[in-house]
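Asks: sequence plus the predicted model coming up.
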Amino acid sequence: MTYTIISQADTAKIALEYTQTMHSNSHTRLEFHSLCRLQDLDPGGRGFEVRRGDQIHAVFLIPTAEGPVAYRNRCPHTGVNLDWVPERFLDRCGEFIQCATHGARFRIHDGFCVSGPCQGDALESIPVRVTGGRVEIALPT
Ligand code: FES
């Protein structure tokens, strides 16, 4: 399966240059795909659209002290993208992920919604890791 990043903050279209790697554990088999260098992650997060076959996955990364977290860029309230403004995912204080449409706020470390119309729901978390200074995610199969 070919994966291609079709948009990101400062590049309209680049080919995913990283070869798929496989990771196994006792329960799942994940295919990780490189998105960017860790040092290129802005504190406010960074969004990507990744084509996989005929599907496009909108995802975003937020850097934290414990390493980056990754979520699908979709609000559980209505399914729209979360971006406060393009490429801005956090509230003004940088404490929560915030949905631009109706202001729902989500904890950064686990995506749990603490306020707003989808309180108690959560963002869809995506497995993420850093390998050789590059941030990799595993899209659902
Ligand atoms: S669409 Fe996100 S809070 Fe309504």
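Replies: Yes, it's here. Residues are numbered from 1 along each chain as shown.
Asks: every contact and neighbour count from this point should use C-alpha atoms.
Replies: OK.
Asks: and this structure, which residues reach the ligand?
Replies: Neighbours of the ligand within the chain, by CA under 6 Å from any ligand atom: Cys75, His77, Thr78, Val80, Cys99, Thr101, His102, Gly103, Ala104, Gly116, Pro117.
Asks: again, 5 Å this time
Replies: Contact residues, the chain versus the ligand (CA under 5 Å from any ligand atom): Cys75, His77, Thr78, Cys99, Thr101, His102, Ala104.
Asks: helix, strand or coil for the residue in the chain that the ligand sits nearest to?
Replies: Going by CA to the nearest ligand atom, the ligand is nearest to His102 of the chain, at 3.9 Å. Secondary structure assignment for His102 (DSSP: H, G, I helix; E, B strand; the rest coil): coil.
Asks: so what's the one residue sitting closest to the centre of the chain bridging to?
Replies: Nearest residue to the geometric centre of the chain (CA atoms, centre = their mean): Phe60, 2.5 Å. Beta bridges link Phe60 to Gly47, Tyr71, judged by DSSP bridges.
Asks: show me the contacts for it.
Replies: Gly45, Arg46, Gly47, Phe48, Ala70, Tyr71, Arg72, Asn73 (CA atoms under 8 Å, 6 or more residues apart in numbering).
Asks: surely the residue of the chain closest to the ligand touches Gln119?
Replies: No. Contact between His102 and Gln119 fails when scored by CA atoms under 8 Å: they sit 11.7 Å apart.
Asks: who wins for neighbours among the contacts of Phe60?
Replies: Greatest neighbour count in the contacts of Phe60, by other CA atoms under 10 Å, goes to Ala70: 28 neighbours.
Asks: count of residues packed around Ile56?
Replies: Ile56: 15 surrounding residues under other CA under 10 Å.
Asks: go ahead and confirm it touches Phe48.
Replies: No. The criterion here is CA under 8 Å, and Ile56 misses it with Phe48 at 9.9 Å.
Asks: and of the contacts of Phe60, the nearest to Phe112?
Replies: Tyr71 (11.2 Å; CA to CA).
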